[in-house]
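Asker: No letters, just coordinates:
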């Protein structure tokens with residue numbers, strides 16, 4: 001297939017693209033009422049039977065000023081939707097993805113209910129139905145006491161995700177569909193004690209076969225065999241709880257393994273080491289360049305490091321004797337990232353420059369290094385913080401720290417866990433998923449909190465690992481070979497917000513017809529160019545897919561998907577994406593394009609779901 005460059009057109013509104021509407025049979029399914037789609041035919045722009053340079057202009061699509069999300073400020077009415085205490089004590093972060101064919105059609109699709117997976121305190125992995133909490137399977141591989149937070153990802157490309165757990169006795173992978181063993185590796189042997197750490201799954205070399213990352217250690221995702229170990233991992237004051245984090249910090253197109261004091265290649269060689277203390281990390285962008293910065297929390301201290309390891313600011317000892325994994329989000333809707341960190345009896349939010357924004361007294365005398373997550377539940381452009389200490393689950397106003405929810409049905413000895421946020425029951429709204437262990441009270445197991453009025457914003461059906469950053473995982477649990485860089489669109493970490501800092505604004509994806517070569521029918525090929533436009537009032541995030549389907553006498557037949565890797569400004573569109581079809585793929589000479597569609601799976605919340613389809617017919621070699 002000959003693919004065009006997938007760059008984003010940032011042309012000013014009104015500049016337009018003069019494209020002749022020369023092809024009949026274009027169905028206006030975009031809800032515009034306008035038959036001038038801008039589609040044109042190419043009848044002579046080819047060379048020796050192969051289409052030449054097709055028109056790849058990116059037309060402006062206009063802005064629907066009514067494309068705003070309805071905010072539900074003041075209707076925050078949380079309720080516990082279900083709980084399961086049969087799994088026993090748990091103080092690892094719950095992870096969420098579709099694992100089981102719940103509707104019995106033999107395939108894993110968006111119609112299946114997501115599963116919640118938790119590692120309990122004695123080292124078993126338990127998968128539960130996201131709608132009811134019913135146990136689907138239990139993997140009693142014995143990961144040891146205080147095991148790591150597991151991770152979910154499709155390790156072998158068969159369309160069914162696996163679950164990877166780790167602890168003091170070993171690292172094990174299980175088939176997500178039934179909990180049966182996939183592989184069993186020896187215990188983690190990195191520089192840190194494994195208790196309370198977390199597994200990460202990333203495709204470090206973009207070959208379609210993901211790797212397992214735990215601290216500075218890299219393992220083969222299909223076998224569990226160790227690939228490398230970064231030399232500096234584990235130095236400094238935190239000698240326990242390794243976390244699996246990888247990101248393209250230097251924007252060279254390749255993911256790096258990230259720890260608190262070093263950056264590693266897949267083979268374990270150091271890109272840099274700054275000889276500071278190690279710690280828990282988050283990655284985001286805090287300056288004007290495109291490279292990532294690294295937030296490190298360590299023994300009550302929080303610092304920000306540049307992409308080369310240079311310390312930009314440092315707040316030593318500000319949180320007492322301990323501190324947990326950092327969370328990055330726009331907490332107050334000012335368009336700038338802030339950092340939230342839990343510590344010894346305190347939760348604090350730091351401004352972009354490291355100054356204190358607010359702090360809240362909490363109760364954590366045990367580990368003192370729990371984490372937090374962030375989500376804009378009400379769609380008002382300001383994030384809420386979700387955090388659980390030894391006694392209570394909190395939802396806090398991101399701008400002020402004011403308590404919006406204090407759920408007392410919680411107890412925890414606290415490890416490095418935090419509540420996850422996902423649509424676990426396919427109802428179109430976010431839920432909070434958190435674990436408990438009998439410590440300050442008798443509660444244990446897992447609880448799911450939703451909104452009694454169904455007023456919370458939509459969320460993804462996946463939160464696959466402790467170091468969740470939206471673009472690190474696809475909706476179906478597959479791991480992207482070349483993930484879009486989170487901070488170039490969302491700029492958050494351990495946050496579920498898909499459109500942070502945009503108020504009630506929403507994006508709106510739609511297919512925009514471009515160019516076509518119709519003189520290749522005799523050679524069996526036809527080429528069509530389609531762009532993805534954005535009529536919303538908010539930027540369309542990077543990674544939006546567009547799929548092509550052949551029109552048949554039955555249901556449309558899926559052909560292929562392509563992805564726009566960059567964000568699309570409001571009113572603009574991507575550069576044309578060239579689709580190459582065999583004429584035999586189009587039995588009726590008609591093809592349907594659907595924006596925000598990856599073979600039936602959507603990834604964004606739009607203000608208009610009725611304009612995503614464009615059907616092109618008559619002239620495509622019928």
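Answerer: Nice, thanks for sending it over. Here the structure is a predicted model, which is why all the values come from computation and not from measurement.

Asker: what's the spacing between the closest residue to residue 289 other than its chain neighbours and residue 597?
Answerer: Using C-beta to C-beta, 6 or more residues apart in numbering and skipping the chain neighbours, the partner closest in space to residue 289 is residue 307 (7.9 Å). Just so you know, the C-beta spots here come from the backbone N, C-alpha and C atoms, and that holds for glycine as well. According to C-beta to C-beta, to the nearest Å, residue 307 stands 34 Å off from residue 597.

Asker: cool, and residue 355?
Answerer: 44 Å.

Asker: residues in contact with residue 309?
Answerer: Residue 309 sits next to 261-263, 272-274, 276 when contact means C-beta atoms under 8 Å, 6 or more residues apart in numbering.

Asker: Can you give me the neighbour number for the residue nearest to residue 204 when sequence neighbours are not counted?
Answerer: Distances taken as C-beta to C-beta, 6+ apart put residue 266 closest to residue 204, at 4.2 Å, once the chain neighbours are dropped. Number of residues near residue 266 (other C-beta atoms under 10 Å) recorded here: 19.

Asker: and if you look at residue 553?
Answerer: Neighbours of residue 553 using other C-beta under 10 Å come to 6.

Asker: returning to that earlier point: wait, the residue nearest to residue 204 sits on residue 203?
Answerer: No - with contact defined as C-beta atoms under 8 Å, residue 266 does not count as touching residue 203 (10.0 Å).

Asker: what do these two both touch?
Answerer: Between them, residue 266 and residue 203 share these contacting residues under C-beta under 8 Å, 6+ apart: residue 211.

Asker: With distance to residue 454 and neighbour count as added columns, please give the contacts of residue 309 in a markdown table.
Answerer: Below are the contacts of residue 309 laid out as a markdown table (distance: C-beta to C-beta, whole Å; neighbours: other C-beta atoms under 10 Å):
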| residue | distance to residue 454 | neighbour count |
| --- | --- | --- |
| 261 | 45 | 26 |
| 262 | 46 | 23 |
| 263 | 43 | 25 |
| 272 | 48 | 18 |
| 273 | 50 | 17 |
| 274 | 48 | 18 |
| 276 | 46 | 20 |
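
Asker: OK, contacts around the residue nearest the centre of the chain?
Answerer: Against the mean C-alpha coordinate of the chain, by C-alpha atoms, centre = their mean, the closest residue is residue 470 at 1.7 Å. Neighbouring residues of residue 470 by C-beta under 8 Å, 6+ apart: 460, 486, 490, 492, 495-496, 498.

Asker: can you do 7 Å?
Answerer: Residues in contact with residue 470 (C-beta atoms under 7 Å, 6 or more residues apart in numbering) are 486, 490, 498.

Asker: between the contacts of residue 309, which is closest to residue 176?
Answerer: residue 263 (30.8 Å; C-beta to C-beta).

Asker: From what I see, the closest one and residue 271 are in contact.
Answerer: Yes - between residue 263 and residue 271 there is a contact under C-beta atoms under 7 Å: 4.3 Å.

Asker: list the residues that contact both of the two?
Answerer: residue 256.

Asker: Show me the helices in the stretch 351-500 of the chain, by range?
Answerer: Shown for the stretch 351-500 of the chain, no helices are assigned by DSSP state H, counting those that start in this stretch.

Asker: For it, give me the ranges with low pLDDT.
Answerer: The stretch 351-500 of the chain contains residues with pLDDT under 70 at 499-500.

Asker: what about the strands in the stretch 1-150 of the chain?
Answerer: Counting by DSSP state E, counting those that start in this stretch, the stretch 1-150 of the chain has strands at residues 26-27, 40-42, 46-47, 50-51, 78-84, 95-97, 115-119, 125-129, 135-139.

Asker: Could you pull up the mean pLDDT of the second one?
Answerer: Per-residue confidence for strand 40-42 averages out to 39 on the pLDDT scale.

Asker: If residue 613 is in a bridge, with which residues?
Answerer: Here residue 613 sits in beta bridges with residue 594, going by DSSP bridges.

Asker: How about residues contacting stretch 423-433?
Answerer: 81, 94, 96, 113-114, 116, 130-131, 375, 377, 386, 419-422, 446, 448-451, 454, 456-461, 496.

Asker: hey, where'd the strands end up in the stretch 401-550 of the chain?
Answerer: Counting by DSSP E, counting those that start in this stretch, the strands of the stretch 401-550 of the chain are 403-407, 420-422, 431-436, 445-451, 509-517, 525-534, 544-550.

Asker: quick one: buried residues of stretch 252-272?
Answerer: By 16 or more other C-beta atoms under 10 Å, the buried positions in stretch 252-272 come out as 255-266, 268, 270-272.
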